[in-house]
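Chemist: The amino acid sequence is not available; the structure is as follows:
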């Protein structure tokens, strides 16, 4: 279950055979090839569309439901020891804000173990941390130089020194709600032991930065406010976000912790928990992050995410029969819709525009199909394209109805344009998966003007 070993032999043969057949058919019988391939993809996209529709309906139902009464806060003596781990690399400029956010956590200091996890060759960040007057429950963990230089490798190293019964992961730019640890501890007390992880909601506090930040915020709101709660409610595999994951430490160690060779170790770990008979749930708490709001840094970040999703899908599909047995039919289908569907949709999205433009220019776009099967497949393809847009826009519209994000509602109409950027990142991810599969492209934080204005305000 590690991404260190690449594709299984049968997977490599399958990819080469499929690619060869696609290219050959596209050269010699292009129209027939498009019909066959579009019909095969349509059924996968139907799963993805159905999941988004269900998520949108559940968002509406939650908004109409009466608010839940607050949970009883555990007394201090009932609280478990909690380890907070923050893995950083070249993050000197955000260290003061990070330490302030961690100091603001409402949890007894005597039961708090905060690890600032730094790389050995990152002298600038090490000096920035050591220049601060840190409380006794803060500790600097320096990870020895080695390969691969990834966040999961650093976390695995730091986990050896974690003393908490519960462990949470944050990123350098995170601002979790002060009571998040308290909420997580209370949640873990009332759920079965098989619930091994809680995922807090992530959102951005610099959505006003520019168009890209607004689209990124809509995407995050749809994921953490719609899709992941839907998966949680249906008891389906929950691909974790990269931060604000709260774990039972014993369960985390039992499943092997993080895969150091996977560049989206979070999503992989969420699936592995489920395959081992454990579960993840959503936590009713928010962590504020900084949206990557510059095009080139965003493209590099999204490349890494999509590369990791392809890695994760490939790793867990090495033995598809065993996977289907461990996940069950619903879990297996949700994996195809949420992982394969997202990846393939990003790859074919610009191609679909190209094919539509070609048909418009050649005058065949409105021409009747030659066969009944062709007519039905054409209608299915049109339905998928329209339903895909509408389902995503509807989900985005519903999750933005809170006071803070409602102003972004008009930007839902620009989601198709944003998807083209996602497609560019996906093609770059495929290239990088071949040339540098374990390379971790660093995302620079602390560049948001809107976030700095908020802090001054």
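Modeler: Alright, I've got the coordinates. This structure is a prediction, so every number in the text was calculated from the model and none was measured. Numbers count the residues shown, from 1 in each chain.

Chemist: distance of residue 435 from residue 22?
Modeler: Distance from residue 435 to residue 22, counting by CB to CB, to the nearest Å: 22 Å. (C-beta placed from N, C-alpha, C; glycine too.)

Chemist: Which one's more surrounded, those two?
Modeler: residue 22 (13 against 8; other CB atoms under 10 Å).

Chemist: Surely the more buried one and residue 30 touch.
Modeler: No: here residue 22 lies out of contact with residue 30, judged by CB atoms under 8 Å, at a distance of 10.8 Å.

Chemist: residues in contact with stretch 204-222?
Modeler: With contact meaning CB atoms under 8 Å, 6 or more residues apart in numbering, stretch 204-222 is reached by 55, 175, 202-203, 288-295, 298, 392, 395-396, 399-400, 405, 408, 411-412, 414-415, 418, 421, 448-451, 454.

Chemist: Poorly predicted segments of this protein, please.
Modeler: For the chain, the stretches with pLDDT under 70 are 31-32, 35, 39, 358-359, 363-381, 403, 447-457.

Chemist: Could you list the domains of it?
Modeler: What the record gives for the chain is the domain set 3-65+318-435, 76-302, from automatic domain parsing.

Chemist: How far off centre is the last one?
Modeler: To tie it back to what came earlier, the one meant is domain 76-302. Its chain's C-alpha centre and that of domain 76-302 lie 12 Å apart, by CA atoms, centre = their mean, to the nearest Å.

Chemist: For burial, what's the neighbour tally of residue 200?
Modeler: Residue 200: 25 neighbours (other CB under 10 Å).

Chemist: looking at the sheet around it, what are its partners?
Modeler: Per DSSP bridges, the residues bridged to residue 200 are residue 283.

Chemist: ok, so what distance separates it from residue 84?
Modeler: Per CB to CB, residue 200 is found 13 Å from residue 84.

Chemist: Check residue 59 too.
Modeler: For residue 59, the distance to residue 84 - CB to CB - is 30 Å.

Chemist: now swap in residue 215 and tell me
Modeler: From residue 215 across to residue 84, the span is 31 Å (CB to CB).

Chemist: Could you find the closest non-adjacent residue to residue 298?
Modeler: The shortest distance from residue 298 to any non-neighbouring residue, by CB to CB, 6 or more residues apart in numbering, is to residue 292 (4.5 Å).

Chemist: and that neighbour, backbone torsions?
Modeler: With angles defined as degrees, to the nearest 10, residue 292 sits at phi -70, psi 110.

Chemist: Residue 133 now?
Modeler: Dihedral pair for residue 133: phi -90, psi 90, per degrees, to the nearest 10.

Chemist: same deal with residue 289?
Modeler: According to degrees, to the nearest 10, residue 289 has phi -130, psi 180.

Chemist: try the one 5 residues further on
Modeler: Residue 294 adopts backbone torsions of phi -120, psi 140, taken as degrees, to the nearest 10.
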